[in-house]
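Engineer: here's my sequence, what's the structure:
(one chain, ligands or ions: 1)
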Amino acid sequence: MAKLKNFINGEWVESTTARYDEVPNPATGEVLAEVPISTAEDFDKAVAAAKKAFEGWGTTPVPQRARILFKYQQLLVENWDELAGFITMENGKSLGEAKGEVQRGIECVEFACGAPTLMMGSQLPDIATGLESGMYRYPLGVIGGITPFNFPMMVPCWMFPMAIACGNTFILKPSERTPLLANRLAELTVEAGFPNGVFNIVHGAHDVVNGILSHPDVKGVSFVGSQPVAEYIYKTAAGNGKRVQALSGAKNHSIVLPDADLDNAVKNIINAAFGSAGERCMAASVIVAVGEVGDKLVAELKKAADEIRMGNGLDKDVFLGPVIREVHKKKTLGYIESGVESGATLVRDGRLDEACSGPGYFVGATIFDNVKTDMKIWKEEIFAPVLSIVRVDTLDDAIKLTNESEFANGACLFTDSASAVRKFRDNIDAGMLGINVGVPAPMAFFPFSGYKKSFYGDLHANGKDGVEFYTRKKMVTAKY
Ligand code: NAD
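Structural biologist: Coordinates of the predicted model:
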């Protein structure tokens with residue numbers, strides 16, 4: 001069985017740790033590899049390498065850096081299917097979804113290839129007579145990235161291509177639950193011609209994270225993961241004087257109005273609630289059914305959910321794969337039990353689906369109706385294929401209820417009414433909105449924006465925010 005290594009200074013290095021965690025395929029339970037839970041000593045080696053590499057990389061002409069990223073993009077395209085296979089094996093999502101994730105990662109690299117334009121500053125030749133002023137962008141230095149299990153390719157690609165294109169060097173701490181794909185990404189950096197030490201991987205958990213948060217040579221921290229960890233990362237890194245962005249958990253609401261195209265709404269909600277086993281920060285986890293649409297919507301969702309094919313994501317036509325671990329399955333079953341106990345109507349019980357008896361960590365599509373805002377299944381992020389439906393009378397009620405959530409990542413509206421769209425857009429308190437679509441995840445050239453407990457920081461991931469985050473500005477005022 002493969003014992004994974006860290007990637008430091010262009011070489012595969014064995015960790016100094018005595019602790020290795022097993023990485024099972026969540027669809028079968030079969031152990032794929034062992035991942036080192038690396039030590040502070042391993043991390044320090046990576047920082048030293050990244051710091052040294054920054055001396056040359058930070059001043060390498062930007063078009064030259066971009067050319068290496070163009071090559072990297074080409075390699076990702078050539079290896080698309082293999083990369084998707086890794087994602088399905090270690091994460092469980094269907095191969096179709098995994099291919100889509102690879103595409104999202106590639107788009108981030110494509111955006112980062114625009115660094116020569118994106119890094120331009122600005123000048124004003126005459127701020128006073130004979131006096132000029134200009135703004136110049138420079139990289140920060142060593143950046144640390146900490147990523148979650150649910151998008152092993154896309155989320156690291158939100159970070160390192162742009163950070164590196166801007167002249168920084170990078171240390172990635174991938175999720176210890178999905179470490180395989182990251183190593184393949186590292187192999188391809190070698191083929192693309194990234195100089196040694198520009199991109200590094202240190203596998204592990206708390207010790208590596210704490211190294212990223214406290215090491216004086218790490219200048220910026222990008223984090224994506226669950227809410228309590230995001231809050232800890234933000235406070236600790238900021239307390240240590242680092243630039244930090246921490247994208248966090250979600251509880252996304254989709255409002256359905258009576259004038260919506262019901263077939264479109266059902267198709268999109270099924271995909272958004274149960275695709276990737278509900279393990280998406282942009283998953284639809286609450287449906288707010290307005291007025292008379294409720295009964296028909298619930299019936300149609302149940303019918304569509306009954307037709308979902310569950311199984312190993314590598315098998316043809318499988319839509320719903322497993323959740324990530326046995327412990328996550330148990331937690332999800334606990335939420336379903338809590339929904340029943342608190343009086344919600346269990347419209348579809350995913351516990352009864354055949355695949356749930358194992359092997360693998362399967363939970364079937366589960367739907368609750370008549371959910372209330374004092375229930376745990378409404379308040380908390382479940383991160384599994386469990387959908388809650390809340391009934392209200394008007395769009396105003398729906399917006400008010402949605403805004404009561406402590407999370408504010410995404411929200412969707414299904415309607416045919418332009419004035420409803422405008423009211424929703426102006427009044428909903430979330431960062432990424434969808435109109436008649438289920439998963440309104442912005443593309444790489446726009447920011448990925450959440451609010452409230454869904455995001456800690458100022459500059460979001462991707463888009464021009466990404467360029468701002470990975471560069472610092474110098475102002476020069478000059479007289480000749
Ligand atoms: P997680 O918080 O458990 O882990 C994320 C990373 O933090 C991992 O690399 C992990 O090793 C590390 N980590 C975990 N616990 C830690 C601790 N106590 N101290 C230090 N480091 C720790 O998240 P996850 O389960 O891997 O991912 C799912 C979560 O990520 C969900 O809440 C989801 O909504 C969120 N997410 C958010 C976005 C977004 O854009 N807002 C995108 C993807 C995922």
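Engineer: what helix or strand is the residue nearest the centre of the chain located in?
Structural biologist: In the chain, the residue lying closest to the centroid (CA atoms, centre = their mean) is Val155, at 4.7 Å. Val155 belongs to helix 154-165 when assigned by DSSP states H and E.
Engineer: starting at the chain centroid, how far to that helix?
Structural biologist: Relative to its chain's centre, helix 154-165 lies at 12 Å (CA atoms, centre = their mean, to the nearest Å).
Engineer: coming back round to it: in this structure the residue nearest to the centre of the chain contacts Val224, no?
Structural biologist: Yes. Counting by CB atoms under 8 Å, Val155 does reach Val224; the two are 4.9 Å apart. C-beta: built from backbone N, CA, C; applies to glycine.
Engineer: overlap in contacts, these two.
Structural biologist: Thr147, Pro148 (CB atoms under 8 Å, 6 or more residues apart in numbering).
Engineer: in what helix or strand does the residue in the stretch 51-200 of the chain that the ligand sits nearest to lie?
Structural biologist: Closest approach between the stretch 51-200 of the chain and the ligand, counting by CB to the nearest ligand atom: Pro148, at 2.9 Å. Counting by DSSP H and E, no helix or strand carries Pro148.
Engineer: can you read off the pLDDT for the residue lying closest to it once chain neighbours are set aside?
Structural biologist: Leaving aside its sequence neighbours, Pro148 sits nearest to Gly225 (CB to CB, 6 or more residues apart in numbering; 4.4 Å). In this model, Gly225 is scored at 98, pLDDT.
Engineer: residues touching Gly225, list them.
Structural biologist: Ile146, Thr147, Pro148, Ser175, Ile233, Ala246, Leu247, Ser248.
Engineer: might you enumerate the residues of the stretch 351-480 of the chain proximal to the ligand?
Structural biologist: Where the stretch 351-480 of the chain comes near the ligand, counting by CB under 6 Å from any ligand atom, the residues are Glu381, Phe383, Asn409, Phe448, Gly450, Ser454.
Engineer: Lys219: which of those residues is nearest?
Structural biologist: Closest approach between those and Lys219, by CB to CB: Phe448, at 21.5 Å.
Engineer: what's opposite the closest one in the beta bridge?
Structural biologist: Ala461 (DSSP bridges).
Engineer: per-residue confidence for it?
Structural biologist: In this model, Phe448 carries a pLDDT of 96.
Engineer: mind checking the pLDDT average for stretch 311-326?
Structural biologist: On average, stretch 311-326 scores 96.
Engineer: next: stretch 282-291.
Structural biologist: 98.
Engineer: please enumerate the helices of the stretch 1-150 of the chain.
Structural biologist: 40-57, 62-78, 80-91, 95-112, 115-118 (DSSP state H, counting those that start in this stretch).
Engineer: the inter-axis angle of the first one versus helix 62-78?
Structural biologist: It stands for helix 40-57. 120 degrees (axes from the mean of the first three to the mean of the last three CA atoms, to 10 degrees).
Engineer: about what we covered before: if I look at the residue nearest to Pro148, how far off is the ligand?
Structural biologist: Gly225 sits 3 Å away from the ligand when distances are taken as CB to the nearest ligand atom, to the nearest Å.
Engineer: which residues touch Ile324?
Structural biologist: Pro26, Asn91, Gly92, Phe149, Asn150, Arg177, Thr178, Glu279, Tyr361.
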